[in-house]
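Visitor: Would you be able to build a 3D model of this:
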Amino acid sequence: MSSDDRLPEIQEIFRDILDEPDLVLNRHSNAENVPDWDSLAHVNLITAIEKRYKVKFALGQLQQLHHVGDLLDLLDQKLASK
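Guide: Next comes the predicted model:
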């Protein structure tokens, strides 16, 4: 499964955490252009993604994330190394 194939799954997590059932994400989505994506929501999103995919992100890795596409690529790396 590629990162683009995971986008719908990630989108569902975002919809649930942000309570935005009609939210549509793309690889360029970020905290500036997604309503209600603040620092607390970010922590909840990362936690939910870690639980869903049974991975753990290091703080340094999270600091490098600027867009949903970056998150998808990092998730691909984590899953490939399992």
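Visitor: measure stretch 50-69 end to end?
Guide: In stretch 50-69, first residue to last residue: 16 Å (C-alpha to C-alpha, to the nearest Å).
Visitor: Give me the contacts around it.
Guide: Contact with stretch 50-69 is made by 3, 7, 9-10, 13, 25-30, 46, 49, 70-71, 74-75, 78-79, 82, as judged by C-beta atoms under 8 Å, 6 or more residues apart in numbering. Where C-beta positions appear, they are placed from N, C-alpha and C, glycine not excepted.
Visitor: Of all the residues in that stretch, which ones are buried?
Guide: 53, 57, 65, 67, 68, 69 (16 or more other C-beta atoms under 10 Å).
Visitor: Please apply the same query to stretch 30-46.
Guide: For stretch 30-46, a neighbour-count test (16+ other C-beta under 10 Å) marks 30, 31, 34, 37, 41, 45, 46 as buried.
Visitor: from those residues, which single one is nearest residue 21?
Guide: Closest approach to residue 21 among the buried residues of stretch 30-46 (C-beta to C-beta): residue 34, at 13.8 Å.
Visitor: Enumerate every residue touching that closest one.
Guide: So residue 34 contacts 14, 18, 23, 25 (C-beta under 8 Å, 6+ apart).
Visitor: And residue 77, by the same measure?
Guide: With contacts defined as C-beta under 8 Å, 6+ apart, residue 77 has no neighbours.
Visitor: which element is it on?
Guide: Using DSSP states H and E, residue 77 maps to helix 68-80.
Visitor: What residues sit buried inside that helix?
Guide: Quick answer for helix 68-80 (16+ other C-beta under 10 Å): 68, 69, 70, 71, 72, 74, 75, 76, 78.
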